[in-house]
Every structure is written in structure tokens, then in C-alpha cells.
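A.B. asks: Provided below are the primary sequence and the corresponding predicted coordinates.
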Amino acid sequence: MTNGAMSEDPIRLFSDLFEQAARRGSEPDAMVLSTVDADGRPSGRYVLLKAADERGFVFYTNLGSRKARALEANPYAALTFYWPPDKQVCVEGRVERVSDTEADAYFATRPREFQIGAWASMQSEVLESRAVLDQRVREARDRFEGATVSRPPFWTGFRLVPQSIEFWTRDPNRLHDRILYERRGASWTRSLLFP
């Protein structure tokens, strides 16, 4: 990614780099989600990107999870992608829940065991033992035996609506290429940053 190859559209550029990373065999959908809770404490964890378009970047979780509680208290977050050997993308913006229709449609595509697991897990709560989780999985399997597994009401998606997207390319002399896109209304401004 050189100065002459800069795109006017950061979502298009992201999609192109995502496809390149996928062809190299890395996991391009793995991203670090950084949040800040109601007490101002930051936290980061890997989640999986499930959709990216002009509306934003989507991931799914249990609403009882630490990340969901932080997002409810402070609906701003950052995403960081790293695609070896030399690409990083940082996205920052406001977070909103996806619609029930969108969450239902995505949940229906998940493998059945993932769906059962969503019902069984009390994500981020203290677990007495693995036996307790195994029992909850058995109960969820029994509950939906012979039936479609519906989306739990406590499980949904979030969309990060980007306000800024920074593309970083490693330089061996640490003179990294940094291109920053910032949203201005319906359009984007583009700047180069010092490394």
C-alpha cells in the first residue's frame, strides 16, 4: 500500500486487504475488540468479524458478557486487525446493536452445536466446574431435540460504525506507511500520518 495506491473508499480498501489476507491463509476475521467499561477500565479480547460493509463492522456475543456490558455502558470501541506479514488496520467508532432480523438470520447460519452452546453459556459468569457447563449443554440439546434452535433473547450482534479507519503497513526501517480515513458526514477525508 503506497501513497499512489490509496483508495478513496476505506471500506473498499479494507475488503481488498481482507481478501488478500484470506488468500495467504491467515485468519483475517480475527480482530481485537477494545472496550472501556462504566468505571473507565479498558479491556481487549479477540472476536470474529462476521460482516463488514458501508454500515460498519459486525460481531456477535452474549449480552451478559463483559464486552456487551461495557458496550451498553460506553457504546464506543476500537477494532484492531493484524494480517502478517505487514498489515494492521485500526477502526474506531460508535457501537450499536444489529436488528433482531439480522441477528436471527446470522444465528440460523451457525452450526447447531454453536447454537446449543449459545443457550448453554452464561458468558463471563463464574463457572463452578466444567460439569456444570456440560449439564447445561445437555439440557439445551434436550430442549431443542428434533427442533430448530432459536436465537436466545440474550444473544445478539453489535455493529461498530466507523468514525476513523487507519491502515498501517510495516517498513523494515520503521518508517511505516500510515493512512488515516476520518468520516466527515457522508464522506471520508484521508491523511497520511508520520510513522
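C.D. replies: Cool, the structure landed.
A.B. asks: in the top strand by length along the chain, what's buried?
C.D. replies: Of all the segments assigned as strand in the chain under DSSP state E, the longest by residue count is strand 155-169. Neighbour-count burial for strand 155-169, counted by 16 or more other Cβ atoms under 10 Å, picks out 155-160, 162, 164-168. In short, each C-beta sits where N, CA and C put it, glycine included.
A.B. asks: would you turn those into a markdown table with distance to Y106 and pLDDT?
C.D. replies: Below are those laid out as a markdown table (distance: Cβ to Cβ, whole Å; pLDDT from 0 to 100):
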| residue | distance to Y106 | pLDDT |
| --- | --- | --- |
| W155 | 10 | 97 |
| T156 | 9 | 98 |
| G157 | 6 | 98 |
| F158 | 12 | 98 |
| R159 | 12 | 98 |
| L160 | 16 | 98 |
| P162 | 20 | 98 |
| S164 | 26 | 98 |
| I165 | 23 | 98 |
| E166 | 27 | 98 |
| F167 | 27 | 98 |
| W168 | 29 | 97 |
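A.B. asks: for the longest strand of the chain, name the packing helices and strands.
C.D. replies: helix 10-23, strand 56-62, strand 87-97, helix 100-109, strand 177-184 (3 or more Cβ pairs under 8 Å, 6 or more residues apart in numbering; DSSP states H and E).
A.B. asks: and the residue lying closest to T189 once chain neighbours are set aside, what's its pLDDT?
C.D. replies: Closest residue to T189 apart from its sequence neighbours, by Cβ to Cβ, 6 or more residues apart in numbering: E182 at 5.2 Å. On pLDDT, E182 comes in at 98.
A.B. asks: let me see the contact set for E182.
C.D. replies: E182 makes contacts with 163-164, 188-189, 191, as judged by Cβ atoms under 8 Å, 6 or more residues apart in numbering.
A.B. asks: tell me how far it lies from I165.
C.D. replies: Distance, E182 to I165, using Cβ to Cβ, to the nearest Å: 8 Å.
A.B. asks: which residues does F18 contact?
C.D. replies: Contacts of F18 (Cβ under 8 Å, 6+ apart): 28, 52, 83.
A.B. asks: so which of those residues belong to strands?
C.D. replies: 52, 83.
A.B. asks: what ranges of the protein fall below the confidence cut-off?
C.D. replies: 1-6 (pLDDT under 70).
A.B. asks: could you redo the last one with a cut-off of 50?
C.D. replies: 2-4 (pLDDT under 50).
A.B. asks: what about the residue located most distally from the centre of the chain, which SS state?
C.D. replies: Distance from the C-alpha centroid of the chain, by Cα atoms, centre = their mean, peaks at G146 (32.0 Å). Secondary structure, DSSP: H, G, I helix; E, B strand; the rest coil: G146 is coil.
A.B. asks: gap between it and R112?
C.D. replies: From G146 over to R112 (counting by Cβ to Cβ), the distance is 12 Å.
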